[in-house]
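**Q** Need the 3D shape of this:
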Amino acid sequence: MPKLHDLEVFVCLNEDGDYVADIDADIALSQCQESMGGQAFRTVKLMVTMAAPEIAAVAVRVPDEAGETVAVGA
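**A** Okay, here's the model as predicted:
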């Protein structure tokens, strides 16, 4: 089973429904104000538990005749 990680994400939303997400509440608010504009803003903290991606190892054999051979510096 993949390892689970607890994340804090702050989402700032303006009155038009435009939003910015960041790991810092102050940055989310300032970026929303600067990038999206508006007169009213709401910031919420989301606590998310998420599994890390798994990296799968796969064995692949590429046939000698596959692809194209290019000479460099000839």
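
**Q** What about Met36? Give its phi and psi, please.
**A** phi -100, psi -30 (degrees, to the nearest 10).

**Q** packing partners for the helix or strand where Cys12 lies?
**A** Assessed by DSSP states H and E, Cys12 sits inside strand 4-14. Secondary-structure packing of strand 4-14 (3 or more Cβ pairs under 8 Å, 6 or more residues apart in numbering; DSSP states H and E): strand 19-22, helix 25-31, strand 41-51. (Each C-beta comes from the backbone N, C-alpha and C, glycine too.)

**Q** wait, which of these is closest to Leu7?
**A** Leu7 lies closest to strand 41-51 among the helices and strands packed on strand 4-14, at 4.5 Å (Cβ to Cβ).

**Q** which residues touch that closest one?
**A** Applying Cβ atoms under 8 Å, 6 or more residues apart in numbering, the contact partners of strand 41-51 are 1-14, 25, 28-29, 32-33.

**Q** Can you turn the buried part of those into a PyMOL selection?
**A** If you want just the buried ones from the contacts of strand 41-51 in PyMOL, going by 16 or more other Cβ atoms under 10 Å, the selection is:
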select buried, resi 9+10+11+12+13+14+25+28+29+32
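
**Q** before we move on, the earlier item: make a markdown table out of the helices and strands packed on strand 4-14 and add distance to Ala59.
**A** Shown next, in a markdown table, are the helices and strands packed on strand 4-14 (distance: least, Cβ to Cβ, whole Å):
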| stretch | distance to Ala59 |
| --- | --- |
| strand 19-22 | 38 |
| helix 25-31 | 44 |
| strand 41-51 | 25 |
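
**Q** so which of the ones you listed is the most packed in?
**A** strand 19-22 (a mean of 18; mean count of other Cβ atoms under 10 Å).
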